[in-house]
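1. I would like the atomic coordinates for the input below:
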Amino acid sequence: MTSSHAPTPSKIALSISAILLVPTGVQAEPGEESQIESPEKCALIEDGVQRLACFDSLYKPAERQARASESAKEQAENDVERLAPDGEDLENVAGEAREGATDAGVMSALVDRYVAAEKAVFSFSGSFVGHRPTYILPATWVKDPNPVPSSPRLGTVGYDYDLEREEAKYQISFKVPLLTGLLDDRTTMWFGYTQTSFWQVYNKDDSAPFRETNYEPEIFLRYQTKLDLGPGRLDGVTIGFNHQSNGQSEPRSRSWNRIMGSAAYSYDRWLFMVQPWYRIPENNDDDNADIERYLGHANYYAVYKLTEDRTFSLKLMNNLRSEDNKTSVEFGYSFPMGDTVKGFFQYYNGYGESLIDYNHRIQRFGIGIMLNDWL
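-> Coordinates of the predicted model:
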């Protein structure tokens with residue numbers, strides 16, 4: 001016989017529903033969903049007042065909270081009835097509920113929100129939107145700077161000043177939509193631009209010169225697949241043309257052209273990306289003919305969303321050779337710092353951080369601020 005002091009299913013359900021009262025990722029009831037516009041549809045409304053009203057109705061906090069509470073409570077009751085009908089294993093049920101509510105589909109939801117925000121921004125003003133991370137590292141330290149850059153065709157050349165181990169590094173990156181809805185509403189053609197600069201700002205004796213700047217314009221097509229695949233989702237694929245150069249004259253000139261693709265896959269709090277490329281062959285004036293010997297044929301990314309404002313990222317390159325194997329790694333961590341910006345730590349160890357040093361191993365530590373994160 002059940003004790004009069006044992007928790008009843010209704011009390012257990014109420015306890016777990018209190019745990020689950022979180023609006024993130026909760027879906028509306030089937031009858032309600034048909035009445036709610038999607039972020040994509042809101043972003044594409046031409047009239048500004050109607051567009052704002054659409055977003056207002058979509059994200060009204062009170063209504064969303066009410067739907068979240070009702071849905072969470074119902075889910076909790078179902079879970080308790082299924083897993084602990086007699087009030088047993090309450091902690092196990094609560095743990096399962098918390099884990100499911102915290103991790104499942106977090107990154108996919110962030111990707112959807114990011115894409116919807118993109119559409120909203122350029123539908124409002126047609127202006128730039130974020131592309132790759134944008135950050136400023138006013139303080140970096142390099143263990144072994146390269147005072148004499150070299151390439152097979154151009155040979156070795158030094159700088160007109162002594163390199164300091166300490167320098168600033170920053171990256172800006174944005175993209176602009178060229179054609180939207182090219183084949184359907186999931187396909188967009190973009191122009192992207194990324195610039196990474198290395199500034200000897202602490203070298204006061206030589207007027208703080210810019211040591212190296214890499215310019216990377218590209219044109220690419222992106223298709224939002226949103227394809228459930230295994231435990232996660234294939235979010236999107238791209239294909240396009242990429243040019244990267246340092247804008248310098250010989251003997252410091254470096255450049256290459258690539259056909260570049262990418263695929264992004266999200267699972268729980270993870271986002272995985274692979275970015276393969278094919279280098280377009282050049283004539284006998286190739287400034288860096290052996291660059292793939294050091295950088296390989298692809299970038300590999302892993303991004304982990306620890307919390308809303310804390311992100312770990314990892315970038316890998318490998319030349320995939322059994323002999324003379326070369327691996328490069330870039331680790332980043334962004335964290336809250338004030339109300340408007342994030343702090344950012346970066347560690348780089350390997351080749352190709354800059355074109356001028358594509359064939360020289362660099363180890364760099366940097367600290368600064370993140371202006372535009374991955375998601």
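2. for the stretch 51-200 of the chain, just list every one of the strands.
-> Applying DSSP state E, counting those that start in this stretch to the stretch 51-200 of the chain gives strands spanning 129-130, 134-142, 150-151, 155-156, 166-180, 187-199.
3. possible to save these as JSON lines with mean neighbour count and distance to Phe312?
-> The C-beta positions use only the backbone N, C-alpha and C, and glycine is treated the same way. Compiled in JSON lines, the strands of the stretch 51-200 of the chain are given as follows (neighbours: other CB atoms under 10 Å; distance: least, CB to CB, whole Å):
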{"stretch": "strand 129-130", "mean neighbour count": "19", "distance to Phe312": "18"}
{"stretch": "strand 134-142", "mean neighbour count": "19", "distance to Phe312": "15"}
{"stretch": "strand 150-151", "mean neighbour count": "19", "distance to Phe312": "34"}
{"stretch": "strand 155-156", "mean neighbour count": "10", "distance to Phe312": "38"}
{"stretch": "strand 166-180", "mean neighbour count": "18", "distance to Phe312": "18"}
{"stretch": "strand 187-199", "mean neighbour count": "19", "distance to Phe312": "20"}
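4. and Phe331, which of those is closest to it?
-> Among these, strand 134-142 comes nearest to Phe331, with 13.3 Å by CB to CB.
5. so which of the strands of the stretch 51-200 of the chain gets nearest Ile367?
-> The closest of these to Ile367 is strand 134-142. By CB to CB, the value is 5.5 Å.
6. how close does Thr213 get to Arg269?
-> Noted for Thr213: a distance of 34 Å to Arg269, by CB to CB, to the nearest Å.
7. in the helix or strand in which Ser334 is found, what's buried?
-> Ser334 belongs to strand 327-337 when assigned by DSSP states H and E. By 16 or more other CB atoms under 10 Å, the buried positions in strand 327-337 come out as Ser328, Glu330, Gly332, Tyr333, Ser334.
8. can you give me the pLDDT of the first one?
-> Here the pLDDT value assigned to Ser328 is 98.
9. still on that earlier bit, got the buried residues of strand 327-337 as TSV, with distance to Thr340 columns?
-> Putting the buried residues of strand 327-337 into TSV (distance: CB to CB, whole Å) gives the following:
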residue	distance to Thr340
Ser328	32
Glu330	25
Gly332	19
Tyr333	19
Ser334	13
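10. need the max-distance pair from those residues.
-> Spatial extent of the buried residues of strand 327-337 (CB to CB) is set by the pair Ser328 and Ser334 at 20.5 Å.
11. can you give me the domain boundaries for the protein?
-> 9-104, 113-372 (automatic domain parsing).
12. winner for burial among those?
-> domain 113-372 (a mean of 16; mean count of other CB atoms under 10 Å).
13. how far does it sit from the chain's center?
-> 11 Å (CA atoms, centre = their mean, to the nearest Å).
14. paired strands for whichever helix or strand Pro276 is part of, with orientation please.
-> Under the criterion of DSSP H and E, Pro276 resides in strand 270-279. Here strand 270-279 is paired, per DSSP bridges, with strand 255-267 (antiparallel), strand 298-307 (antiparallel).
15. picking up where we left off before, the domains of the chain: lowest mean pLDDT?
-> Across the domains of the chain, domain 9-104 gives the lowest mean pLDDT, at a mean of 52.
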